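Peer 1: When you get a sec, could you give me coordinates for this:
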Amino acid sequence: MTAEVGTPDGFVERLARATLVHVDARVLALHLTATGPVARTDVVFAGIRDGRITAQTSSLSLYQILAEVYRQGETALAREVARALRLHARLKLVPAGAEIALQAAEVRARLGGRPERAFQIATALVSGAEIYVTTGSVLRRVAGMLVLNIEDVTSDDV
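Peer 2: The predicted structure is shown next:
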């Protein structure tokens with residue numbers, strides 16, 4: 001497993017060309033709770049909504065997002081977010097099974113970081129995602145999969 005650091009170009013173009021895009025929980029949380037750069041996350045979710053982007057996330061995303069929302073005492077928002085994630089017609093929730101757990105262990109051993117991030121990356125790798133969309137990562141490529149940060153969206157993309 002290799003990891004590269006660098007600067008991608010053509011964020012929207014790369015998403016549109018990919019066969020499968022994995023969206024991690026951080027990006028979903030920013031979008032669904034409207035607490036971050038919604039114009040930037042809209043670039044991803046508009047493509048998912050209209051079918052230009054085939055996307056998935058780990059079922060672990062429900063846990064990651066809802067734990068924080070509940071911690072903030074936002075029970076109604078938690079129900080709304082859970083419903084939106086489960087019912088999003090074009091965003092597949094991939095269950096975290098044994099194969100993904102094994103891959104996650106390898107990812108965490110090689111790249112470090114939190115277990116949740118390792119499970120997200122492992123889900124993307126096992127599923128064959130070409131692009132992993134995240135936020136705040138220095139990684140640009142993991143085992144041949146391109147890593148794009150939502151921060152890389154420019155005003156031209158929005």
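Peer 1: which ones are touching residue 82?
Peer 2: 62, 66 (C-beta atoms under 8 Å, 6 or more residues apart in numbering). Where you see a C-beta, it was placed from the backbone N, CA and C, and this is true even at glycine.
Peer 1: following the host helix or strand of it, which helix or strand comes up?
Peer 2: Per DSSP states H and E: residue 82 is located in helix 75-87. Later in the chain than helix 75-87, the nearest helix or strand by DSSP H and E is strand 91-94.
Peer 1: Now the element after that next one, going C-ward?
Peer 2: helix 98-111.
Peer 1: taking the mean pLDDT, what do you get for that following helix?
Peer 2: Mean pLDDT, computed over helix 98-111, is 96.
Peer 1: Buried residues of the helix or strand that comes right after it, list them for me.
Peer 2: Counting by DSSP H and E, the next helix or strand C-terminal to helix 98-111 is helix 115-127. Residues of helix 115-127 classed as buried: 116-126 (neighbour count, 16 or more other C-beta atoms under 10 Å).
Peer 1: swap in stretch 30-43?
Peer 2: Those would be 30-33, 37, 40-41, 43, for stretch 30-43 by 16+ other C-beta under 10 Å.
Peer 1: Lovely, talk soon.
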